[in-house]
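**Q** pasting the sequence and the predicted coordinates here, then a few questions.
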Amino acid sequence: MKVVHATPTQSVAEHLSVQRLTDALGAQNLRANVWTLAEGSMTRHLHREQEELYLVLDGTAEIIVDDATFRLGERDALAVPVGAWHQVRNSGLGPLTFLAVASPAVLGDAELD
């Protein structure tokens with residue numbers, strides 16, 4: 001076991017960075033990432049096998065799940081069920097940083113819209 005400082009530094013897109021915690025922590029039964037979204041939104045997607053939890057660490061998010069929109073502030077959390085189309089948007093003035101945890105730890109489980 002070890003402690004990892006969670007700071008998204010790996011650039012995924014122009015306005016999106018991530019720190020993948022699963023391997024860094026040696027987790028085997030869940031997938032965990034910390035994301036920073038400077039502006040805009042992530043791609044709408046679903047997970048065929050994974051339930052996913054989002055926890056806003058800093059900023060303000062809108063998470064659209066199927067046809068419902070949820071507004072989350074700092075320390076607000078939302079669980080997204082398996083098979084639900086969802087998208088995270090930064091709806092605040094500054095960067096949005098959030099933790100995304102999914103189980104089971106399945107690679108390549110996402111289907112993009």
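**A** Done, it's in.

**Q** strands along this structure, start to end?
**A** 10-13, 16-20, 31-37, 45-47, 51-58, 61-65, 68-72, 77-80, 86-90, 96-103, 110-112 (DSSP state E).

**Q** mean confidence for the third one?
**A** Okay, so that is strand 31-37. Averaging pLDDT along strand 31-37 gives 96.

**Q** which residues touch it?
**A** 6-8, 15-22, 25, 42, 50, 57, 88, 90, 95-103, 105-107 (CB atoms under 8 Å, 6 or more residues apart in numbering). All C-beta atoms are positioned from the backbone trio N, CA, C, and that covers glycine.

**Q** what does the fourth one give?
**A** Defining contact as CB under 8 Å, 6+ apart, one finds that strand 45-47 is touched by 80, 82-87, 102, 106, 109-113.

**Q** that one: how far from the chain's middle?
**A** Relative to its parent chain, strand 45-47 has a centroid offset of 11 Å by CA atoms, centre = their mean, to the nearest Å.

**Q** repeat that for the third one.
**A** Per CA atoms, centre = their mean, the displacement of strand 31-37 from the mean C-alpha position of its chain is 5 Å.

**Q** how about the CA coordinates for that strand, as CSV?
**A** In CSV, the C-alpha atoms belonging to strand 31-37 read as follows (Å, rounded to 0.1, in the frame of the first residue of the first chain):
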residue,chain,number,x,y,z
ARG,A,31,-10.8,2.0,-11.8
ALA,A,32,-10.0,5.5,-10.4
ASN,A,33,-8.9,8.6,-12.2
VAL,A,34,-8.7,12.3,-11.2
TRP,A,35,-9.5,14.6,-14.1
THR,A,36,-9.2,18.4,-14.6
LEU,A,37,-11.4,19.9,-17.3
